[in-house]
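Participant: for reference, the sequence and a predicted model appear below.
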There are 2 protein chains.
Amino acid sequence: MRLVTVDDISAAAERIRTRVVRTPLLTARCGDDDRPLWIKPENLQRIGAFKARGAFNAIAVAAANAKPTAIVAYSSGNHAQAVAHAAAAYRLPAHIVMPEETPSVKVDATREYGANVVLCAAGERETVAARIVAETAGVMIPPFDHRDVIAGQGTIGLEIAADLPFVRNVVIPVSGGGLASGIGVALRALCPQAKIFGVEPELAADTTEGLARGHRVDWPVEHRNRTIADGLRSQPSDLTFAHLQQVLDGMITVSEGEIRSTVRELAYGDHLVSEPSGAVALAAYRQGSTPPGPTVVILSGGNIEPRMLREILAG
Amino acid sequence: MRLVTVDDISAAAERIRTRVVRTPLLTARCGDDDRPLWIKPENLQRIGAFKARGAFNAIAVAAANAKPTAIVAYSSGNHAQAVAHAAAAYRLPAHIVMPEETPSVKVDATREYGANVVLCAAGERETVAARIVAETAGVMIPPFDHRDVIAGQGTIGLEIAADLPFVRNVVIPVSGGGLASGIGVALRALCPQAKIFGVEPELAADTTEGLARGHRVDWPVEHRNRTIADGLRSQPSDLTFAHLQQVLDGMITVSEGEIRSTVRELAYGDHLVSEPSGAVALAAYRQGSTPPGPTVVILSGGNIEPRMLREILAG
């Protein structure tokens, strides 16, 4: 299996340069002296999450090869908005397959970018998406199991290497693993002194278990769905798992309570709105699970329902 | 009266380059097609507001001339934290005079940077600060009535000119006027096509009235204190008023309700926590008061009490 390289990521960075926000590193209120802390705030991407990077790169590659007739994706989360937004920027029709139970605010946000949203039963979304690809002769952009998507997410690693070349620890949320795969590849090449940590909720720690065992493990979806971090309920593919095995120095798990208190800390201390999934890397830092040295935590996204934000802020 | 020049601002930018966050321009959910919209998120400065820029520049100038024995300031708001933070970075003792009724969260935040906080009656803070300057042979850093402070705030204008050279409208909160003075000077020089708008709450619109009359006017402090935007209750000095007369194309006022709904929009739509004062420029845009063309609104700060944030988000 050929893994993504830092050259793939550099090429992605050139493709998406004018399309995504070059996020700054922000020092954080809760940083301590032994572990100087920076936040990489990917919630500031227009669609509210790092997913913009992979989607723009994958669609740019597809558009450069032969202009696609349509872009197709399945997602109930941030990938849906990312693909809808990127397809619109390339003036390509987008069909996004979403489970029927997707909150209407996410369906509406995806439609606002001009995408055709197709609702279906949760278990059928891959089948439905495949049918649309066949019908439209379209190009499928999967949420993480794709080299161009991984390379796009990896551009975050290039930016960290440029802004903080002496970084010692980089802490990254893990779900399907595309984000940690891309950032890990970039930093292994450019900042070999840096240790790369993945973070999962305790309630969806399939990758933590899988890396310990040396092979992918399946957790029942009803187990993974227990965590409030709805963006971290996926599992790696063979492709992303192979990257994670190569680039990660360790995994850290965090509790639901730590996730919630970190969403509060980000809002009150750092003026950033995070979704629960976006807060797990900082939660790992706050519970003392990362070693000494300059540390970057990835705040992966900010798309949280208003009602849930109010409930979490109320403590 | 000698006004600040764009060369003063360029020199300030060089001084503070490694000290403050180079904030990105962010597109916003509520932008419309006729008026493409970008937010300049100064709430992402470590101290939560643009005030870091002026404080770092003024203290850098003071430290370059002859190392001061102490830094002194009076403020109940973001300037207090900015001066405390900048003085600590230069390893200078800081004495910050604050009114006795300052919320303890702001006093604590100022002390966290190592400053000596001196509490006094609200009407006596300038007298007390002057006494400390005399006793310590210290240097006073006023919140806006100072050329180095204005030049520091103006570095925001340089960044806008670099990132969006074709900008047509720049919309800026006005209180003491240092922020709008500095940004206005920079953009008059670098983006002469841009129109510069100041924004005040209707309940603290002394500058709107003063510019219309052609001279400063005083609003009773108890009138200005009615607005929820506690950072916009000051009035310009002769120095800042002279700048505003020269650089502003117009003033816009916003209601308390519009300020509150804009704080909600920034949190839910753009993942940014704003204090009420920080939201007035976007409020002016949202109520349709700015002309067509590419538009930048300054989000000046995010320091809001948790209780007030929860109350505003609840609508």
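Facilitator: Sure, I can see it. Only a predicted model underlies this, so the values are computations on that prediction, with no experimental measurement involved. Numbers count the residues shown, from 1 in each chain, chains lettered A, B, ... in the order given.
Participant: which residue sits closest to A:Ala55, ignoring its sequence neighbours?
Facilitator: In space, and not counting its chain neighbours, A:Ala55 is closest to A:Ala82: 3.8 Å by C-beta to C-beta, 6 or more residues apart in numbering or on different chains. Where C-beta positions appear, they are placed from N, C-alpha and C, glycine not excepted.
Participant: residues contacting the closest residue to A:Cys191 other than its chain neighbours?
Facilitator: By the measure of C-beta to C-beta, 6+ apart, the closest residue to A:Cys191 outside its immediate chain neighbours is A:Ala161, 5.2 Å from it. The neighbourhood of A:Ala161, defined by C-beta atoms under 8 Å, 6 or more residues apart in numbering or on different chains, consists of A:Val167, A:Ala186, A:Leu187, A:Leu190, A:Cys191.
Participant: please flag which of the residues you listed sit within helices.
Facilitator: Assigned to helices by DSSP state H, the following of the contacts of A:Ala161 qualify: A:Ala186, A:Leu187, A:Leu190.
Participant: by neighbour count, which of the residues you listed wins?
Facilitator: In terms of neighbour count, A:Ala186 stands highest of the ones in helices among the contacts of A:Ala161 at 31 neighbours, by other C-beta atoms under 10 Å in any protein chain shown.
Participant: touching, that residue and A:Ala162? I think so.
Facilitator: No - using C-beta atoms under 8 Å, A:Ala186 makes no contact with A:Ala162, being 10.3 Å away.
Participant: quick check: of the ones in helices among the contacts of A:Ala161, which lies closest to A:Ile132?
Facilitator: A:Ala186 (32.9 Å; C-beta to C-beta).
Participant: okay, now the residue nearest to A:Thr295 when sequence neighbours are not counted: neighbour count?
Facilitator: Distances taken as C-beta to C-beta, 6+ apart put A:Asn169 closest to A:Thr295, at 4.2 Å, once the chain neighbours are dropped. A:Asn169: 22 surrounding residues under other C-beta under 10 Å.
Participant: still on that earlier bit, most widely separated two among the contacts of A:Ala161?
Facilitator: Greatest spatial distance in the contacts of A:Ala161: A:Val167 and A:Ala186, 11.5 Å, computed using C-beta to C-beta.
Participant: quick check: neighbours shared by those two?
Facilitator: Common neighbours of A:Val167 and A:Ala186 (C-beta under 8 Å, 6+ apart) are A:Ile160, A:Ala161.
Participant: distance of the nearest residue to A:Gln235 once chain neighbours are set aside relative to chain B?
Facilitator: Setting aside the residues directly before and after it, A:Gln235 is nearest to A:Asp206 in space (C-beta to C-beta, 6+ apart), at 5.1 Å. The spacing between A:Asp206 and chain B, counted by C-beta to the nearest C-beta, to the nearest Å, is 28 Å.
Participant: the least confident helix or strand in chain A by mean pLDDT packs against which elements?
Facilitator: Within chain A, judged by mean pLDDT, DSSP states H and E, the helix or strand with the poorest mean is helix A:104-112; its value is a mean of 89. Helix A:104-112 sits against helix A:78-89, strand A:94-99, strand A:116-120, with contacts defined as 3 or more C-beta pairs under 8 Å, 6 or more residues apart in numbering or on different chains; DSSP states H and E.
Participant: what about the longest helix in chain A?
Facilitator: Ranked by residue count under DSSP H, the longest helix found in chain A is helix A:147-163.
Participant: A:Ile160 touches A:Arg22, doesn't it?
Facilitator: No - in this structure, A:Ile160 is not within contact of A:Arg22 by C-beta under 8 Å, at 11.7 Å.
Participant: thinking again about what came up before, around the residue nearest to A:Gln235, how many other residues sit close by?
Facilitator: One way to gauge burial is a neighbour count; for A:Asp206, by other C-beta under 10 Å, it gives 21.
Participant: so which residues of the stretch 101-250 of chain A form strands?
Facilitator: Counting by DSSP state E, counting those that start in this stretch, the stretch 101-250 of chain A has strands at residues A:116-120, A:139-140, A:169-173, A:195-201, A:250-254.
Participant: in JSON lines: those strands, plus distance to A:Asp33 and mean pLDDT.
Facilitator: Written out in JSON lines, the entries for the strands of the stretch 101-250 of chain A read as follows (distance: least, C-beta to C-beta, whole Å; pLDDT from 0 to 100):
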{"stretch": "strand A:116-120", "distance to A:Asp33": "49", "mean pLDDT": "96"}
{"stretch": "strand A:139-140", "distance to A:Asp33": "48", "mean pLDDT": "96"}
{"stretch": "strand A:169-173", "distance to A:Asp33": "15", "mean pLDDT": "98"}
{"stretch": "strand A:195-201", "distance to A:Asp33": "19", "mean pLDDT": "98"}
{"stretch": "strand A:250-254", "distance to A:Asp33": "21", "mean pLDDT": "98"}
